[in-house]
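here is the input, now give the coordinates:
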Amino acid sequence: MSGGETEQAEAAGGDRRVAVIFNPVKQGIEQLRPAVERLATEHGYAAAEWIETTEDDPGTGQAREARGNGVDLIIAAGGDGTVRAIAEGLEGEPIPVGIVPLGTGNLFARNIGIPVNDIPGAAKLAFTGRDRAVDVLRARVRREDDSTETEVSLVMSGIGIDAAMIANTDADLKKRVGWLAYVDAGLRAIPSSEPFRVAHRMDDGRTHRSKVSSILVANLGYLPGNIELIPDAEIDDGRLDVVRLQPRNVWEWLMVWRRVAWENRVLRKTALGRQLIDLTGGNKRREVVYASGATVDIVIDGEPQEFEIDGEEMGMITAARFAIDPEALVVRVPEQVAPRAPGGGRQRSDVASAPGAPATASEDGNPASELDEAELEEAEAAAKEAKATQPLTGELSTSELAAADAAPDASTEPGATEAR
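So this is what the prediction gives:
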């Protein structure tokens with residue numbers, strides 16, 4: 001459905017409603033206001049409702065307010081945090097969300113083709129773009145004190161060095177140079193980083209044990225600087241992607257960079273390039289390991305680690321469960337990026353037909369990540385009894401962790417999880 005396909009006679013009525021949820025500390029609001037008011041009139045909307053986010057509520061409550069007011073369109077004006085909070089507040093309600101990027105990273109906008117550094121262009125797209133239903137990642141994380149929280153992710157979440165890098169990013173430098181500040185933080189973080197052990201379990205029911213510098217769970221594949229971390233990631237395929245970064249030395253860190261900046265970005269785009277990767281053993285290297293599915297449980301074996309969601313520092317955690325919520329958010333995108341090309345990327349049927357793959361919703365229709373209180377209480381009791389960190393589902397026991405530690409990890413054997 002296109003926001004710009006409404007007949008002019010219908011548009012003249014002005015009975016549709018649009019709410020702009022905006023971060024007041026971001027620059028560009030004064031430029032956005034006249035553009036929105038003009039576009040609202042042109043496309044048959046009443047005067048826009050302008051709702052500010054706050055430090056305590058970055059958009060979730062405002063989205064619920066707009067939803068309760070019966071708006072027909074929400075415009076998210078801010079960074080990735082604003083868009084993520086609005087997605088959480090909509091709770092699956094199919095109200096189209098147009099995005100006007102005002103942050104420094106704007107990863108979600110970049111991944112779905114929203115113009116960045118073009119406020120009038122992004123505002124126009126919010127009214128005239130095509131609606132696309134996209135997946136949302138829902139995470140339940142456990143803190144050091146055994147408390148749990150539910151979070152939403154649109155781009156990717158990470159545990160380890162990527163989160164430490166974000167936590168150590170210089171705020172003043174970020175204001176001056178944008179996403180390049182993350183490069184500075186990364187160069188400072190890598191030499192002092194210490195790998196840590198994790199156990200993770202995906203849809204196949206197998207427990208994998210790894211020593212990693214970072215483990216990421218993603219909905220989209222591009223990082224700042226147009227770096228393609230996950231070539232197969234699709235925003236509406238009903239799957240999440242898990243990436244383990246496990247270099248053992250500086251040379252292997254260079255291999256990580258080669259993988260994401262050269263092989264993923266250039267070689268994998270052609271059949272000849274993919275053959276070259278095979279011939280040079282690229283698919284058998286262990287520095288970057290991929291997997292995909294509908295859910296993943298992650299347990300940190302040892303000290304709590306830094307955690308980030310969509311480029312936002314989220315503190316320390318000991319375990320997390322991620323599940324995909326298929327097509328839970330409707331966003332306005334450029335015509336040329338929706339829908340997905342026939343046969344392109346992974347198809348939703350890949351999930352349904354995967355051996356042992358669970359449904360992404362429980363029997364009562366709730367997303368799989370929404371664990372009920374009984375499950376949480378059971379997991380908490382088990383964790384306290386074992387005096388060890390347990391995942392949120394209580395599925396990975398300490399005995400399983402010990403067994404996984406003693407046995408070879410199939411997931412780190414050459415090529416084991418590289419097949420997509």
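
OK, contacts around residue 31?
Shown in contact with residue 31 (C-beta atoms under 8 Å, 6 or more residues apart in numbering): 119, 120. Yep, even glycine has a C-beta here, placed from its N, CA and C like the rest.

so which strand or helix has it?
Per DSSP states H and E, residue 31 falls inside helix 29-42.

now what about the next helix or strand after that helix, what contacts it?
Scanning forward in sequence from helix 29-42 by DSSP H and E, the next helix or strand is strand 49-52. Identification of contacts with strand 49-52 by C-beta under 8 Å, 6+ apart yields 17-24, 33, 62, 65-66, 69, 71.

sort out which residues of strand 49-52 are buried, please.
Judged by neighbour count (16 or more other C-beta atoms under 10 Å), strand 49-52 contains these buried residues: 50, 51.

that one pairs with which strands?
Strand 49-52 has the following strand partners under DSSP bridges: strand 18-22 (parallel).

ok and the partner strand relative to helix 29-42, angle-wise?
170 degrees (axes from the mean of the first three to the mean of the last three C-alpha atoms, to 10 degrees).

who touches strand 18-22?
Against strand 18-22 from outside (C-beta under 8 Å, 6+ apart): 29, 32, 36, 40, 45-46, 48-53, 59, 62-63, 66, 69, 71-78, 82, 86, 102.

buried ones among these?
29, 32, 36, 40, 45, 48, 50-51, 53, 59, 62-63, 66, 71, 73-78, 82, 86, 102.

before we move on, back to that, neighbour-wise, which of the contacts of strand 49-52 leads?
Neighbour tally across these (other C-beta atoms under 10 Å): the maximum, 29 neighbours, falls on residue 21.

mind checking pLDDT for that one?
pLDDT for residue 21: 98.

can you name the residues bridging to it?
residue 51, residue 76.

domain map for the chain?
Following automatic domain parsing, one gets these domains for the chain: 8-128, 138-326+370-412.

for residue 65, helix, strand, or coil?
Assigned by DSSP: H, G, I helix; E, B strand; the rest coil, the conformation of residue 65 is helix.

repeat that for residue 164.
Residue 164 ends up helix, using three-state DSSP.

double-check it against residue 304; I have them as touching.
No - Residue 164 is beyond contact range of residue 304, at 12.0 Å (criterion: C-beta atoms under 8 Å).

give me the more crowded residue out of the two.
residue 164 (26 against 17).

just the helices from this structure, written as ranges.
Secondary structure of the chain by DSSP state H: the helices cover 8-11, 29-42, 60-68, 80-90, 107-111, 119-128, 161-167, 171-177, 180-189, 250-258, 271-279, 349-353, 373-386, 398-406.

can you tell me which of the ones you listed the model trusts least?
Minimum mean pLDDT among the helices of the chain: helix 349-353, a mean of 32.

what are the bridge partners for residue 156, then?
Under the criterion used (DSSP bridges), residue 156 bridges to residue 218.

same thing with residue 222?
Going by DSSP bridges, residue 222 forms beta bridges with residue 228.

residues contacting it?
Contacts for residue 222 (C-beta under 8 Å, 6+ apart) come out as 107, 110, 111, 228, 229.
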